[in-house]
Structures are given as C-alpha cells and as structure tokens.
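>>> task: produce atomic coordinates for the following.
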Amino acid sequence: MQFSAQTNKTRWVIIAASFVIVSLILWNTYDFFQVFKSEERQKMEILAESVKTINNSDPTTDEINLPLQVMNSNETIPFIVTEKDGKISNTRNIDPKIEEDPQQLQFLLNRFKKENDAIIIQGAETSQYLYYGNSSLLTKLKYYPLALVLIIVLFGFIVYNFYRSTKIGTQNKLWAGMAKETAHQIGTPLSSLIGWVEIMKADNVDETTVAEIEKDIERLQTITDRFSKIGSEPILERINIVKETEDSMHYLKARFSKQVNFSFTGPEYPVLMSLNPGLHSWTIENLVKNAIDAMKGKGDLTVAVIDDNKYIKICVSDTGKGIPKNDFNRVFEPGFTTKKRGWGLGLSLTKRIVEEYHDGKIKVLRSEIGKGTCIQMTFKIT
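This is a model prediction of the structure:
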C-alpha cells in the first residue's frame with residue numbers, strides 16, 4: 001500500500017511539473033508574440049510617415065529617396081492604403097492573384113481591419129488610412145502554442161496507451177497463470193472423484209445418485225478445461241449456437257432455486273457459428289449467475305437468442321437491482337464489483353471470451369434501477 005501511495009504521489013508530481021512547464025512555454029510564447037507585434041506596429045508607423053513624406057514632397061527632388069528606401073525595405077508585412085472614402089490606392093506584399101480580384105482584395109482589407117488598428121496618414125488636403133496584416137513570422141508564432149499543445153496531447157496519448165497496454169498485458173499474464181494453476185489444482189481431486197464414482201457403481205449405489213454425481217464431475221471437467229484455455233488460442237468449432245446457449249441455460253436452471261423463473265426464446269432452426277463450446281458456455285454461466293445475484297436469488301430471468309440475418313444477438317435479462325448508467329462500461333473492467341465478496345473478474349473474463357476469442361461484442365443494452373438489466377452479446381454470422 002505504501003509503495004502504491006508513493007507511486008501515485010510521484011505520478012501527480014510529474015503531472016503538476018509538466019503542467020507548469022507547458023504553462024511557462026505558452027506564456028513565454030505569448031510574450032514573444034506581443035513583442036514582435038509591437039515591433040511590427042512601429043515599423044508600419046515609420047512606413048506611414050514615409051508615405052506621408054512622399055505625398056507631401058516634390059517628386060523631382062531627392063527628399064523622397066529615403067522614404068522610398070523605407071517602403072522598399074518592407075518585404076514581409078502586407079499592407080493596403082485607402083483613401084478617406086475607402087477606395088484602395090496602394091498595396092504592398094499582397095499576392096498578385098488577390099490584387100487582380102477586387103472581391104478578394106476587399107475581403108483581405110476587412111481581415112486587416114480586424115487584425116490591427118489603422119494608421120492615419122495625415123495629408124495636406126486629405127487623409128489616408130494604412131491597414132496592415134501580420135507577417136508570416138508572426139502568423140507562425142501565433143499558431144506555435146497550438147502546435148505545441150497538440151504535440152503534448154499526442155505524446156500524452158502515446159504514453160497513456162503504452163502504460164495501459166503494459167498494464168493489460170501484465171493483468172493478462174497474471175490471469176492466465178492463475179487460471180492454469182487453478183485447472184492444475186482441480187485436476188487432482190477430480191481424478192479421485194472419478195475413482196470414487198466407479199467404486200459406487202461397483203457397490204450398486206442408487207443409479208440416480210451416481211448419474212447426478214457424474215454430471216457434476218463432467219461439469220468440473222468442463223470448468224477445468226475452461227481455465228486451461230485462458231491465455232492460449234482456443235479451438236473453434238462449427239456448432240449450433242442456439243442449442244448450445246439453451247443447453248447451458250437448462251443446466252443452470254436445474255441447479256438454482258425454483259424462485260428464479262427461467263425462460264428461453266430463440267429460433268427453432270439451427271444457426272451454425274465458429275465457437276468454442278466450453279468458453280461459450282462459460283459466458284452464459286457468468287451472465288446468468290450475475291443476473292441471479294442481482295435479483296438476490298428471486299425473480300424472472302430470460303435468455304433470448306435473436307437472428308437478424310447478419311448478426312446473432314444473445315440477451316440475458318433480469319428483474320434485479322439494475323446498473324447505474326455511468327457504470328455501463330465499468331462493469332466489464334477487471335476488479336469492478338458491487339459484491340462484498342466479489343473479485344470483479346466474471347464479466348471482464350466474459351468480455352475477453354466474447355471479443356477476443358469469438359470476435360463479438362458485449363454491452364449493457366439497457367438497465368433501470370430497481371427494475372432490471374439486459375446484457376447483450378452480438379456475433380457476426382460467418
């Protein structure tokens with residue numbers, strides 16, 4: 001527990017430090033942006049003075065040489081000069097295609113008006129207005145924080161996925177090891193039970209009793225086989241999913257209280273699919289047992305198999321306590337349980353069997369607190 005708490009503390013310190021570093025970078029970038037923007041404003045004010053000097057000077061004199069040099073030195077900042085009535089009189093650093101199209105030029109002028117305040121060029125008789133846009137450097141700097149945030153988000157997403165994949169891989173190895181060890185441990189007493197059944201037969205014990213014990217031994221063998229398959233590639237067979245589902249439900253029906261009203265609906269014709277019988281039976285057993293637990297051993301339980309031509313849907317419905325909507329996805333997470341003595345592995349293993357081994361989907365189709373739940377498995381017919 002102490003190690004876990006220390007790990008969480010370290011994780012939060014790293015997250016906080018990363019947030020502070022990113023905030024400093026963004027603030028510093030914003031500060032640079034404001035400095036460059038201020039410098040460009042000063043350049044354009046000097047350029048406006050040059051335009052004013054040119055307008056008020058005799059073109060035949062040398063007075064306009066310096067102002068012309070100032071104007072020609074500006075090769076990065078686009079600008080448009082308009083008369084008092086709004087008519088465009090001069091442009092600089094504008095795309096020639098835009099200059100030739102009055103509509104696009106007017107659109108660009110409106111954009112400049114939003115980006116920066118106009119600079120008034122006061123003339124002897126009338127005034128002009130200089131509108132300018134941001135240089136390419138300033139535009140790149142403007143979008144730099146956004147690019148930085150996207151890179152950080154992408155990096156965080158990659159780290160999260162790596163961490164999640166590693167965690168899931170570790171959990172899978174742990175489950176597989178526990179499952180195989182469980183199968184191994186069950187195998188020893190199971191062999192002894194088979195021997196005792198043979199002795200009971202030799203002693204002419206009641207056949208009905210022996211038959212029931214044999215059924216339970218067969219069930220234990222099935223459970224052992226299930227656990228041994230976890231962590232390995234199961235063998236799939238072409239079987240009738242309708243009959244396999246119904247048989248699994250009937251086996252459970254005979255072993256639960258009569259206070260649970262079982263019902264089954266499904267096609268009267270066979271639907272062949274590639275399944276592992278043992279693992280499919282396990283999924284039905286897990287869902288049925290969870291439903292009975294939710295009803296506290298009393299209520300109506302329905303297993304329905306639906307064929308809609310492209311998909312087979314198996315719905316297990318109960319009249320239990322229901323699941324809150326925000327827990328619809330969490331119920332399939334390893335370790336999540338509402339039971340005092342539960343491990344929270346049943347539905348997570350069911351999800352793995354359905355989605356990884358049988359290429360299907362499982363979800364909480366609907367649920368209402370105090371009225372019941374319906375969990376649906378969907379398989380593509382192949």
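
>>> without its sequence neighbours, what residue ends up closest to V305?
Nearest non-adjacent residue to V305, counting by CB to CB, 6 or more residues apart in numbering: G266, 3.4 Å away. (Each C-beta comes from the backbone N, C-alpha and C, glycine too.)

>>> and the one you found, how many neighbours?
Number of residues near G266 (other CB atoms under 10 Å) recorded here: 18.

>>> which residues touch it?
Shown in contact with G266 (CB atoms under 8 Å, 6 or more residues apart in numbering): V242, T245, E246, A304, V305, I306.

>>> how about a cut-off of 7 Å?
V242, T245, E246, A304, V305 (CB atoms under 7 Å, 6 or more residues apart in numbering).

>>> mind listing the helices for the stretch 201-350 of the chain?
Taking DSSP state H, counting those that start in this stretch as the criterion, the stretch 201-350 of the chain carries its helices at 207-229, 241-253, 277-294, 346-352.

>>> the longest one to helix 241-253, inter-axis angle?
For helix 207-229 against helix 241-253, the angle between stretch directions is 120 degrees (axes from the mean of the first three to the mean of the last three CA atoms, to 10 degrees).

>>> in the stretch 101-250 of the chain, where is pLDDT below threshold?
Where the stretch 101-250 of the chain drops to pLDDT under 70, the residues are 124, 168, 171-172, 174-176, 178-181, 183-184, 226, 229-232.

>>> dump stretch 137-147 to PDB, keeping only the CA atoms.
Provided in PDB are the C-alpha atoms of stretch 137-147 (Å, rounded to 0.1, in the frame of the first residue of the first chain):
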ATOM      1  CA  LEU A 137       6.700  35.000 -39.000                       C
ATOM      2  CA  LEU A 138       4.200  36.500 -36.600                       C
ATOM      3  CA  THR A 139       1.500  34.200 -38.000                       C
ATOM      4  CA  LYS A 140       3.700  31.100 -37.500                       C
ATOM      5  CA  LEU A 141       4.400  32.300 -33.900                       C
ATOM      6  CA  LYS A 142       0.700  32.800 -33.300                       C
ATOM      7  CA  TYR A 143      -0.100  29.100 -34.100                       C
ATOM      8  CA  TYR A 144       3.000  27.800 -32.400                       C
ATOM      9  CA  PRO A 145       1.300  27.300 -29.000                       C
ATOM     10  CA  LEU A 146      -1.500  25.300 -30.600                       C
ATOM     11  CA  ALA A 147       1.000  23.100 -32.400                       C
END
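
>>> and the contacts of that stretch?
Identification of contacts with stretch 137-147 by CB under 7 Å, 6+ apart yields L26, T29, F32, F33, F36, K37, E40, T76, N134.

>>> hang on, I25 packs against I152?
No. With contact defined as CB atoms under 7 Å, I25 does not count as touching I152 (9.3 Å).

>>> show me the shaky parts of the stretch 251-382 of the chain.
Ranges of the stretch 251-382 of the chain meeting pLDDT under 70: 335-336, 338-345.

>>> quick check: T319 vs A291, distance?
Distance, T319 to A291, by CB to CB, to the nearest Å: 9 Å.

>>> ok, now which ones touch the nearest residue to I314 once chain neighbours are set aside?
Nearest non-adjacent residue to I314, counting by CB to CB, 6+ apart: M377, 4.5 Å away. Residues counted as contacts of M377 (CB under 7 Å, 6+ apart) are T283, I314, V354, G360, I362.

>>> identify the residues contacting the second one.
Contact partners of I314, counting by CB under 7 Å, 6+ apart, are T245, V305, M377.

>>> so what sits opposite the second one in the bridge?
When assigned by DSSP bridges, V305 has beta-bridge partners I314.

>>> equivalent analysis for the last one, please.
M377 forms beta bridges with I314, I362, as assigned by DSSP bridges.

>>> which secondary structure elements does the one helix or strand L365 maps to contact?
Per DSSP states H and E, L365 falls inside strand 361-368. For strand 361-368, the packing partners by 3 or more CB pairs under 7 Å, 6 or more residues apart in numbering; DSSP states H and E come out as strand 372-380.

>>> buried residues in the strand it packs on, which are they?
Under the neighbour-count criterion of 16 or more other CB atoms under 10 Å, strand 372-380 has G372, T373, C374, I375, Q376, M377, T378, F379 buried.

>>> what's the farthest-apart pair in the contacts of stretch 137-147?
Spanning the widest gap among the contacts of stretch 137-147 are L26 and T76, at 24.8 Å by CB to CB.

>>> per-domain residue ranges of this structure.
Taking automatic domain parsing as the criterion, the chain consists of the domains 2-134, 235-380.

>>> just the ones you listed: most buried one?
For the domains of the chain, the largest average neighbour count (mean count of other CB atoms under 10 Å) is found in domain 235-380, namely a mean of 17.

>>> quick one: end-to-end length of it, please.
Taking CA to CA, to the nearest Å, the first and last residues of domain 235-380 lie 18 Å apart.

>>> tell me how far that domain lies from the chain's centre.
25 Å (CA atoms, centre = their mean, to the nearest Å).

>>> name the nearest of the contacts of G266 relative to I119.
A304 (75.9 Å).

>>> rewinding a little: between the contacts of I314, which is closest to V13?
Nearest member of those to V13, counting by CB to CB, is M377, at 43.1 Å.

>>> now V316: how far from I292?
10 Å.

>>> repeat for A118
As judged by CB to CB, A118 and I292 stand 77 Å apart.
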